[in-house]
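S.K.: Need a 3D model of the sequence below.
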Amino acid sequence: MKTLRVANAVSLAFQANADARIAAGRVDYAVADLWRNGRQVSDAPRLCAGLAEMTRRLAARLFLQGDLRLMVSAGPGSERRAARAIAEALATACPADGAALPCVAVVRGSNLIGRVDELFGVGAPGANTELADRLLRGPGPPEAAWAPLPPEPIAQGLHTSAQVVVVGAADAATLAIAAASEAFAWPANGAPDAQLASAAVRIDTDTPWARPDPSAPPTTIECDADGAVRLGGPGVSATTPYDGPSPPVDFGNRHGLVRYTRRYTVELTPPSGEDAGPLTAWIAHEASNAGVTTEHPTADHLTLACDDSDRLAAFCERLHDALALDPNAPAVTVSPAQPEHEDWPITLVAERFVTAVDERPAAEWLDE
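M.R.: Have a look, this model is predicted:
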């Protein structure tokens, strides 16, 4: 009977014994949920560099042996940057012409910016009354909006010839179920997914630096067409039937959020001393005239807040210029503006996603 073996890509790439990584037995899919805890490749250069290093370490399996497919969740809106980082890593590791590099497919659809009004505004089928009102009264468009993809569109990316598939938002359980759905041609919403999803949580946190023995092979989940799930490791002939909890899994409804920037704040720190009190009072007065709110005023600290980052920046610049006129004016330290977010939970049914698969040779992603 055909079986499918899935491992954590980070664990497979960074295990201490590199030779064992290459000869570690059959692993059909390596999944990497880089988006876990809200991180995104586009927000973290180090995360992007880590993705490239992981790809280089798996390169032999990807384009020499050709027996592995890599699935990466990079965060909504980060798909193209992740694809480029992977392509660059493959090009560095591959001595052959770029045309011989594996194909990389990007599955879009988890980023909902531009569709928020259509999906959740007044009169929309999935409208939340409070969110619809927030959309109606503004101010301004949301900063971010996303919902994690269901397994079906990710499986569509696997229907291509690509050996690397990048998605926006998806957890390890969804990636594993998409791999099984493609491998066994399970129908949409017909996968025996509860046990597989539960077992996938085990590999999601399986990294070499989290194991007592860093050189030990990574944990894998093994699944067959009937949905039987076992735990094991590459090169380990004995596998253990997975009997962990199998909570109900509802991939028909995906829970995400719409994010607004509620306001921006800066911290002002005048030097301590007997003149700090009058200075702080003067800054608070000027801020009020400029439409900027003053919070937590003390003799040596002040928080300024405004829902308009440009107005706040302009006020801080005018404050700096005014103090520059007096050579005896005390120096005021101004922190960078920090956004404060306002998040609205949303639920989107699988049928309302609009997805697209962009498959290209890795060399073509280098110009993105």
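S.K.: give me phi/psi at residue 357?
M.R.: phi -110, psi 120 (degrees, to the nearest 10).
S.K.: sorry, that was for residue 313
M.R.: phi -60, psi -40.
S.K.: check contacts around it.
M.R.: residue 337 (Cβ atoms under 8 Å, 6 or more residues apart in numbering). The C-beta positions use only the backbone N, C-alpha and C, and glycine is treated the same way.
S.K.: mind listing the helices for this protein?
M.R.: Counting by DSSP state H, the segments of the chain that form helices are 9-14, 18-22, 45-59, 79-93, 116-120, 129-137, 151-158, 172-184, 193-204, 276-289, 309-324, 362-365.
S.K.: between the ones you listed, which one is nearest to residue 72?
M.R.: helix 79-93 (6.0 Å; Cβ to Cβ).
S.K.: The closest one packs against which elements?
M.R.: On a contact count with 3 or more Cβ pairs under 8 Å, 6 or more residues apart in numbering; DSSP states H and E, helix 79-93 meets helix 45-59, strand 69-73, strand 103-108, strand 164-167, helix 362-365.
S.K.: Identify, out of these, the most deeply packed stretch.
M.R.: Burial of the helices and strands packed on helix 79-93 is given as mean neighbour count (mean count of other Cβ atoms under 10 Å); strand 164-167 ranks first at a mean of 30.
S.K.: Restricting to C-alpha, output it in CSV.
M.R.: Extracted in CSV, the C-alpha atoms of strand 164-167 (Å, rounded to 0.1, in the frame of the first residue of the first chain):
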residue,chain,number,x,y,z
VAL,A,164,8.8,23.7,-3.9
VAL,A,165,5.4,25.1,-3.0
VAL,A,166,5.1,28.4,-1.1
VAL,A,167,1.9,29.6,0.5
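S.K.: so what does that strand touch, helix or strand wise?
M.R.: Using 3+ Cβ pairs under 8 Å, 6+ apart: strand 164-167 touches strand 69-73, helix 79-93, strand 103-108, helix 151-158.
S.K.: Quick check: buried residues in the second one?
M.R.: Within helix 79-93, the residues that count as buried by 16 or more other Cβ atoms under 10 Å are 79-91, 93.
S.K.: what's the burial count for the nearest residue to residue 177 once chain neighbours are set aside?
M.R.: When the adjacent residues along the chain are set aside, residue 177 lies closest to residue 151, with 4.4 Å between them (Cβ to Cβ, 6 or more residues apart in numbering). Look at residue 151: counted by other Cβ atoms under 10 Å, it has 27 neighbours.
S.K.: Next: residue 265.
M.R.: Count around residue 265 with other Cβ under 10 Å applied: 16.
S.K.: returning to that earlier point: can I get the buried residues of helix 79-93 in CSV with pLDDT and distance to residue 47?
M.R.: Below are the buried residues of helix 79-93 laid out as CSV (pLDDT from 0 to 100; distance: Cβ to Cβ, whole Å):
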residue, pLDDT, distance to residue 47
79, 91, 14
80, 91, 15
81, 91, 10
82, 92, 9
83, 94, 14
84, 93, 14
85, 92, 9
86, 93, 13
87, 91, 17
88, 91, 15
89, 91, 14
90, 88, 18
91, 87, 20
93, 82, 19
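S.K.: out of those residues, who's nearest residue 181?
M.R.: The closest of the buried residues of helix 79-93, once distances to residue 181 are taken by Cβ to Cβ, is residue 79, at 20.2 Å.
S.K.: By residue count, tell me the biggest strand in this structure.
M.R.: Taking DSSP state E as the criterion, the chain has its longest strand at strand 253-269.
S.K.: what are the C-alpha coordinates of it, in PDB please?
M.R.: Taking C-alpha atoms only, strand 253-269 is exported to PDB below (Å, rounded to 0.1, in the frame of the first residue of the first chain):
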ATOM      1  CA  ASN A 253     -14.100  27.700   8.200                       C
ATOM      2  CA  ARG A 254     -10.800  29.600   8.400                       C
ATOM      3  CA  HIS A 255     -10.300  32.100  11.200                       C
ATOM      4  CA  GLY A 256      -8.200  35.100  10.500                       C
ATOM      5  CA  LEU A 257      -8.200  38.900  11.200                       C
ATOM      6  CA  VAL A 258      -8.500  42.400   9.800                       C
ATOM      7  CA  ARG A 259      -5.900  44.700  11.400                       C
ATOM      8  CA  TYR A 260      -6.000  48.400  11.700                       C
ATOM      9  CA  THR A 261      -3.400  50.700  13.100                       C
ATOM     10  CA  ARG A 262      -5.300  52.400  15.900                       C
ATOM     11  CA  ARG A 263      -2.700  55.000  16.600                       C
ATOM     12  CA  TYR A 264       1.000  55.800  16.800                       C
ATOM     13  CA  THR A 265       2.900  56.700  19.900                       C
ATOM     14  CA  VAL A 266       6.300  58.200  20.600                       C
ATOM     15  CA  GLU A 267       8.100  58.500  23.900                       C
ATOM     16  CA  LEU A 268       9.800  61.800  24.900                       C
ATOM     17  CA  THR A 269      12.500  61.800  27.500                       C
END
